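Asks: here are the coordinates; sequence isn't available:
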């Protein structure tokens, strides 16, 4: 596919920057996982991610906008719609390292703001959060661990009922001022 061709071409050009490590497998995994999480690669142990260079962040966005994770992102959106129709209080996405973006349709907004208490989106290639997520003020538990988040918005402070926030194994170097320790 054109996506595989693009990713292979990027690898030949030295992206992602993994030092001496090799990332020539898992062609269906989100590219942001390779950029941000070299410890997830086969045969690579005890390697931790480092802050992602701004050019690599742009590259992740470009690939996402050109279809990286497109099918997995669409499936997540459909799962959110189904959960909102059922008015479930707890939602957990599949952990498949392919989701690169969270798209929150307007049809789930009322559910997210009124019913949703726990949102688990761990183990994917998500590197940015949509602003709409920070309006889900009923959330008490938000698990974003094992993703590729480059940072967090100051709007996280809007989640006034949040008791548990798991952002472990991401590339976040500092927390916004709106978060109390």
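Replies: Thanks, I have it. This one's a predicted model, so the numbers in the text were calculated from it and none came from an experiment. Numbering: from 1, shown residues only.
Asks: drop to CA atoms for contacts and neighbour counts, all remaining ones
Replies: Will do.
Asks: pLDDT weak spots in this structure?
Replies: For the chain, applying pLDDT under 70 flags the ranges 1-57, 59, 63-68, 96-97, 180-181.
Asks: which stretches of it form strands?
Replies: With strands called from DSSP state E, the chain shows them at 90-92, 118-120, 141-143, 164-166.
Asks: okay if I get the ones you listed as a markdown table plus mean neighbour count and distance to residue 128?
Replies: Listed next are the strands of the chain as a markdown table, based on neighbours: other C-alpha atoms under 10 Å; distance: least, C-alpha to C-alpha, whole Å:
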| stretch | mean neighbour count | distance to residue 128 |
| --- | --- | --- |
| strand 90-92 | 15 | 18 |
| strand 118-120 | 19 | 15 |
| strand 141-143 | 19 | 14 |
| strand 164-166 | 13 | 15 |
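Asks: now tabulate those strands in CSV and tack on distance to residue 105.
Replies: Below are the strands of the chain laid out as CSV (distance: least, C-alpha to C-alpha, whole Å):
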stretch, distance to residue 105
strand 90-92, 15
strand 118-120, 16
strand 141-143, 19
strand 164-166, 23
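Asks: how close does the closest residue to residue 92 other than its chain neighbours get to residue 178?
Replies: Excluding the flanking residues, the one nearest residue 92 by C-alpha to C-alpha, 6 or more residues apart in numbering is residue 120, at 4.5 Å. Distance, residue 120 to residue 178, using C-alpha to C-alpha, to the nearest Å: 22 Å.
Asks: coming back round to it: for the residue nearest to residue 92, give me its contacts.
Replies: Contact analysis of residue 120 by C-alpha atoms under 8 Å, 6 or more residues apart in numbering lists 91, 92, 93, 141, 142, 143, 144.
Asks: what about 10 Å?
Replies: 90, 91, 92, 93, 94, 95, 141, 142, 143, 144, 145, 166 (C-alpha atoms under 10 Å, 6 or more residues apart in numbering).
Asks: the fifth one reaches residue 119, doesn't it?
Replies: Spelled out, that is residue 94. No - using C-alpha atoms under 10 Å, residue 94 is not in contact with residue 119, being 11.7 Å away.
Asks: show me what the top helix by length along the chain is packed up against.
Replies: As assigned by DSSP state H, the longest helix anywhere in the chain is helix 70-86. Under the contact criterion of 3 or more C-alpha pairs under 10 Å, 6 or more residues apart in numbering; DSSP states H and E, helix 70-86 touches helix 54-65, strand 90-92, helix 109-114.
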